[in-house]
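**Student:** structural data only, the sequence is not supplied:
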């Protein structure tokens, strides 16, 4: 299954944003990677900014180009603000829901849990990270996986909650009660730039 497997610290430094989680490299070297990183010209073209925003969104959610393009097409056909709808579709991915519920500390970790069949959706095993979760769907940890150290440690360390998700700690089960509003999505993404890029 296709996914990004390249260097993560370089990507985080390129965007000056810890998109893969806390990064020591980003703290030590707060400038872009490469030989000319320190002296790179600051002014960027409009197209460069738009492209960078799209790449940031792709890396953040672990989506490759074709998937991202398909999601944008789907968002553009819906009624509403295309940029917000795109972020909602990205947030509705199963691996992202598992991450948001705190079952895994990172999206990459959530993706692995889904692929290894530790996650149930409405009582059935789903091992497709890009599976689109809908309002009313229940996402839970499989019974025999509830004692996994990776899951219990992640849940113990999780101190975040989201108004569009309900979590039952005793059952290790969460429910999607609504699609997130833009101010309920903490990612530092300027979705309007992505819309402008695809509108060209």
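**Tutor:** Arrived safely. Just so you know, these numbers come straight off a predicted model, no measurement behind them.

**Student:** just confirm residue 140 is within a strand.
**Tutor:** Yes: according to DSSP: H, G, I helix; E, B strand; the rest coil, residue 140 belongs to a strand.

**Student:** excluding its backbone neighbours, what's nearest it?
**Tutor:** residue 173 (3.7 Å; C-beta to C-beta, 6 or more residues apart in numbering). (Glycine included, C-beta is placed from N, CA and C.)

**Student:** give me the distance between the one you found and residue 186.
**Tutor:** According to C-beta to C-beta, to the nearest Å, residue 173 stands 23 Å off from residue 186.

**Student:** is the nearest residue to residue 198 once chain neighbours are set aside part of a helix or strand, or is it coil?
**Tutor:** The shortest distance from residue 198 to any non-neighbouring residue, by C-beta to C-beta, 6+ apart, is to residue 72 (5.5 Å). On the three-state scheme (three-state DSSP), residue 72 is labelled helix.

**Student:** how many neighbouring residues does residue 83 have?
**Tutor:** 20 (other C-beta atoms under 10 Å).

**Student:** right, I mislabeled it, should have said residue 149
**Tutor:** 7.

**Student:** got the phi/psi numbers for it?
**Tutor:** Torsion angles at residue 149 (phi, psi; degrees, to the nearest 10) stand at phi -60, psi -40.

**Student:** ok, now how distant is it from residue 191?
**Tutor:** Counting by C-beta to C-beta, the gap from residue 149 to residue 191 is 36 Å.
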